[in-house]
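Undergrad: test case, fold it:
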Amino acid sequence: MEKTHKFCQSCMMPLSQDPQGGGSNADGSKSTMYCSYCYKDGKFVDNMNVNEMREFVVNKLVEMKYPRFIAKFMTMGLPKLERWRQAVR
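TA: Next up, the predicted model:
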């Protein structure tokens, strides 16, 4: 069974803000680890590396009117998320 997380373990989005209530696992169940924007049918929907994801998230936060330096600060922990820690192993 997946551990329940408060934030997507790929992009850091609060899972409580996901309109789909989380991504979907291969068996059709809801993912408690990844959001619906990052994870569908048990696979990641993008082919990004951690640096590309960080830049993507920074740009989304800037679109949401966060100053770029704050957005960069907010995404500093992204490499420590489950998806990216597993990619390094």
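Undergrad: nearest residue to the middle of the chain?
TA: Cys11 (2.2 Å; Cα atoms, centre = their mean).
Undergrad: thought that residue was touching Ser36?
TA: No - at 10.9 Å, Cys11 and Ser36 do not qualify as touching, with contact defined as Cβ atoms under 8 Å. Yep, even glycine has a C-beta here, placed from its N, CA and C like the rest.
Undergrad: let's verify the nearest residue to Gly77 once chain neighbours are set aside: helix, strand, or coil?
TA: Closest residue to Gly77 apart from its sequence neighbours, by Cβ to Cβ, 6 or more residues apart in numbering: Met12 at 7.2 Å. Under DSSP: H, G, I helix; E, B strand; the rest coil, Met12 falls in the coil class.
Undergrad: check the one 4 residues further on too.
TA: Per three-state DSSP, the secondary structure class of Ser16 is helix.
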